[in-house]
Structures are given as C-alpha cells and as structure tokens.
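Peer 1: Return a 3D structure for these sequence lines:
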Amino acid sequence: MKSMSTSKKNEARPRIVAFGGGAGMFSLLSGLRLYTEDITAVVTVTDDGGSSGLLRKDLGIPPPGDVRNCLLALSDADPLLKEALNWRFPEGELLGHSLGNLLIAAATLIKGDFGVAVRELHRVLKVAGKVVPSSTRKVSLVAHHADGSSTAGEVRIVSSRRSIHTIELRPDPGRISAEAREAIASADLCVFGHGSLFTSVIPNLLVRGVVEAVRQCPAPRVYVANVMTQPGETDGFALSDHLAAIERHTHPGFVSAVVANTGAFPGPVLRRYREQGAAPVAVDREKCGGVPIHTGALAESGRLLHHNPRRLAAFLLDTFWRRTEHASSAEAGARS
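Peer 2: Presented below is the predicted three-dimensional model:
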C-alpha cells in the first residue's frame with residue numbers, strides 16, 4: 001500500500017530526520033510515512049543479541065535487525081514480501097533468524113560494504129525515504145556506571161539492571177556519513193526517539209559529527225519521550241532524567257522541545273508493567289530546564305502500551321511543521 005494519496009503528494013512535504021532504533025523507530029517511521037516520503041532514518045547499529053548478534057559474530061558485519069525494521073517501515077514492496085522478510089525460522093540451524101536479516105547479511109557480503117548494501121536494498125524493497133546506519137563499522141556499546149565500573153555489550157548492559165551514567169561506542173565509530181549530514185542540513189524537523197534511551201537513541205549521537213550537524217541545523221530538535229520507563233535502562237526515570245542523560249552526551253539545550261504522552265492508562269495494563277518494574281514516565285516540567293513540553297493523548301493500549309503511529313506523526317507535524325510553515329507563509333506575505 002502506498003504511503004500517501006496522490007493529492008497529498010502534490011502538497012509541500014516536510015523533510016524529516018529521525019534518530020533511533022528498535023520497535024520505537026519502526027512505529028515512528030510507520031506514522032510519518034503517511035504524511036511524507038522525505039524521511040531519513042539514522043539507525044543505531046549496536047545490537048548484539050538474537051539473530052543480529054549471531055550474524056554480527058559469525059560474519060563480522062554490523063547487526064542488521066534495526067536497519068531491516070526501518071527499511072520495511074518505509075517500504076512499498078508487496079505485503080507478502082514484507083511479511084516474509086520479518087518472518088523468523090522456527091527451528092533448525094536457522095532458528096531465530098529473520099529472512100530480512102539474512103538478506104542484508106548476504107547483500108553486505110556481495111557488495112563488501114554494509115552501507116552500500118543498505119543503499120542497494122532501497123531499490124529492491126521500494127523504500128520511500130532513506131535508511132542510513134549511524135555507523136557502518138562493527139561497534140559495541142559500553143555503559144559507565146556511577147560507581148566507576150563499566151559493562152560492555154548491549155545485551156549485558158540491559159540485563160545487568162544497573163544504573164547507567166554514560167555510554168560510549170567502541171571502537172571508534174567513524175564520522176557521520178555524507179548522506180546523514182546532508183539530510184540533517186536540509187531538515188525541517190529532527191526527531192529523537194521514541195525507544196530505548198541508552199541503547200537506541202543516544203548511540204546515534206555518539207558518532208563523530210552528528211551532534212555538530214544537528215546543532216547547525218535550524219530545524220526543531222524534538223525528543224519523543226517514552227510512555228513507560230524501561231527496566232534495565234531507565235528505572236525510576238522521570239522526563240527530566242531522560243533529558244539530562246541526552247545532555248550528558250551532547251550539550252545543554254541540545255533538545256529544543258519535547259513531546260510526551262499524558263493520556264490515561266487502563267489499570268490492568270499498568271499492573272502488568274509494574275510487575276515487570278516499569279512505570280509511566282512522569283512529566284516533571286519544573287525540572288526540565290524550561291524546555292517546551294508538548295503533551296497529548298498519544299498512546300494506545302492493548303496488551304501493551306505504545307504510541308499510536310498515526311496520532312504521534314500528526315501531532316509532530318501539527319506542532320512543529322505546519323505551524324512553522326504557516327507562520328513563514330504569513331511573514332512572506334507581509335513582506336510582499
């Protein structure tokens with residue numbers, strides 16, 4: 001199914017750069033593509049668990065899983081093909097591997113370069129927009145804790161359930177790609193999250209040149225806060241703690257605005273989360289250093305709580321693009 005109607009394709013479309021990974025990034029991209037095809041997804045590449053971790057270890061390539069999710073979120077390929085690429089083998093030597101991960105791995109070995117393989121797959125999968133790995137090197141996360149100790153590896157970091165002060169990428173992830181730098185320079189909106197703060201969002205900002213490129217871009221820099229805290233990463237975090245963590249890895253004032261959910265949650269769903277050690281992210285405006293916080297009922301609940309992709313995308317565009325676009329048009333009209 002195409003992402004936009006023919007009439008919408010003739011309208012002005014925002015240029016959006018999204019930073020993240022995991023299920024949160026898939027959700028964000030799925031909503032944004034309903035309104036624009038001018039999307040660049042800058043994707044984290046530090047996963048060392050599951051199928052991605054095995055391919056990373058066995059073949060020496062960056063983990064393909066988060067990239068696969070983003071390609072499929074923006075793909076106009078046949079629905080059966082997209083379903084097949086997300087399908088995981090249930091048994092045998094390929095147990096747990098997704099067909100999409102194997103495709104990216106094969107393309108990487110054929111082309112000899114992870115970034116080139118991902119670019120080639122845009123054509124194969126009819127991707128509307130761009131998916132850019134934040135690094136094409138095989139990098140790992142290292143978390144530094146308040147007591148001075150460190151934990152290496154994304155899976156170990158999350159499973160340790162220890163408070164994280166800062167993270168870094170090892171070895172050197174290299175510099176920002178030309179694709180990402182050009183997309184950021186021309187962006188109407190930069191969006192960070194939603195998703196795992198320390199293992200999906202912040203890692204993209206640790207690649208040399210990313211923070212500087214974002215700082216030089218005049219577009220709004222919007223952090224989409226998670227609906228719930230994440231056990232093993234953000235236990236007990238309020239919104240201000242999320243912002244403080246981002247600033248520790250960037251600079252004060254890096255985030256120019258926040259979008260946060262304030263909708264009500266069903267009791268039974270909340271109880272399930274509390275049993276797992278999670279709780280709603282408290283919106284403590286008074287501790288957020290004056291950063292503008294835009295709130296709305298953006299989440300929906302089934303068995304789990306998550307952002308509604310269409311609702312979140314519409315909220316982002318209404319708040320940070322259409323309003324700006326209309327103001328710019330009015331200003332231009334006043335000068336003419």
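Peer 1: and the residue nearest to P63 when sequence neighbours are not counted, helix, strand or coil?
Peer 2: Among residues not flanking P63 along the chain, S52 sits closest, at 3.5 Å (Cβ to Cβ, 6 or more residues apart in numbering). For glycine as for every other residue, the C-beta is placed from the backbone atoms N, C-alpha and C. Classification of S52 by DSSP: H, G, I helix; E, B strand; the rest coil places it in helix.
Peer 1: From A106, how far off is S52?
Peer 2: Distance of S52 to A106, given as Cβ to Cβ, to the nearest Å: 15 Å.
Peer 1: Provide the backbone phi and psi angles at the nearest residue to L103 once chain neighbours are set aside.
Peer 2: Counting by Cβ to Cβ, 6+ apart, L85 is the residue found nearest to L103 once chain neighbours are left out, at 6.5 Å. For L85, the backbone dihedrals (degrees, to the nearest 10) come out as phi -70, psi -20.
Peer 1: contacting residues for L85?
Peer 2: By Cβ atoms under 8 Å, 6 or more residues apart in numbering, the residues touching L85 are 68, 72, 98-100, 103, 125.
Peer 1: Compare S52 and A106 (neighbour count), which wins?
Peer 2: S52 (26 against 12; other Cβ atoms under 10 Å).
Peer 1: So V131 lies in a strand, does it not?
Peer 2: Yes: assessed by three-state DSSP, V131 belongs to a strand.
Peer 1: residues in contact with it?
Peer 2: Neighbour list for V131: 40-41, 43, 67, 70-71, 74, 118, 122 [criterion: Cβ under 8 Å, 6+ apart].
Peer 1: between the contacts of L85, which has the most around it?
Peer 2: R68 (27 neighbours).
Peer 1: Got phi/psi on it?
Peer 2: phi -60, psi -50.
Peer 1: quick one on the thing from earlier: any idea which of the contacts of V131 is closest to A213?
Peer 2: Closest approach to A213 among these (Cβ to Cβ): T40, at 11.8 Å.
Peer 1: and the closest one, that's in a helix?
Peer 2: No: read with three-state DSSP, T40 is strand and lies in no helix.
Peer 1: From S51, how far off is the residue nearest to it when sequence neighbours are not counted?
Peer 2: The spatially closest residue to T40, leaving aside those adjacent along the chain, is A183, at 3.7 Å (Cβ to Cβ, 6+ apart). To S51, A183 is 28 Å away according to Cβ to Cβ.
Peer 1: do the same with T166
Peer 2: Relative to S51, and taking Cβ to Cβ, T166 is found at 29 Å.
Peer 1: Among these two, which residue is more densely surrounded?
Peer 2: Between T166 and S51, counted using other Cβ under 10 Å, S51 has the larger neighbour count: 23 against 16.
Peer 1: measure the more buried one to L59 for me?
Peer 2: Counting by Cβ to Cβ, the gap from S51 to L59 is 12 Å.
Peer 1: the strands in the stretch 201-336 of the chain, which residues?
Peer 2: 221-224, 257-261, 293-296, 299-301, 305-307 (DSSP state E, counting those that start in this stretch).
Peer 1: any chance of those in TSV, with mean pLDDT and distance to G92 too?
Peer 2: Shown next, in TSV, are the strands of the stretch 201-336 of the chain (pLDDT from 0 to 100; distance: least, Cβ to Cβ, whole Å):
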stretch	mean pLDDT	distance to G92
strand 221-224	98	39
strand 257-261	97	41
strand 293-296	97	46
strand 299-301	89	36
strand 305-307	91	32
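Peer 1: Sitting in helices, which of the contacts of L85 do you find?
Peer 2: In helices, judged by DSSP state H, the following of these are found: 68, 72, 99-100, 103.
Peer 1: Looking at those residues, which one is closest to Y35?
Peer 2: Distances from Y35 to those, taken as Cβ to Cβ, are shortest for L72 (18.4 Å).
Peer 1: In contact with that closest one, which residues are there?
Peer 2: L72 makes contact with 26, 82, 85-86, 100, 125, according to Cβ under 8 Å, 6+ apart.
Peer 1: now with 6 Å?
Peer 2: K82 (Cβ atoms under 6 Å, 6 or more residues apart in numbering).
Peer 1: mind checking pLDDT for it?
Peer 2: According to the prediction, L72 has pLDDT 97.
Peer 1: got it, and A12?
Peer 2: 76.
Peer 1: tell me the SS of it?
Peer 2: coil.
Peer 1: Next, count neighbours for it.
Peer 2: 10.
Peer 1: Relative to L189, how far out is it?
Peer 2: From A12 to L189 the distance is 13 Å (Cβ to Cβ).
Peer 1: In contact with the nearest residue to H97 once chain neighbours are set aside, which residues?
Peer 2: Leaving aside its chain neighbours, H97 sits nearest to S51 (4.5 Å; criterion: Cβ to Cβ, 6+ apart). S51 makes contact with 96-98, 101, according to Cβ under 6 Å, 6+ apart.
Peer 1: Which among those count as buried?
Peer 2: 97-98, 101 (16 or more other Cβ atoms under 10 Å).
Peer 1: dump the residue contacts of the residue most central in space within the chain.
Peer 2: The centre of the chain sits closest to G20, judged by Cα atoms, centre = their mean, with a distance of 1.9 Å. For G20, the contact set (Cβ under 6 Å, 6+ apart) comprises 193, 195, 200-201.
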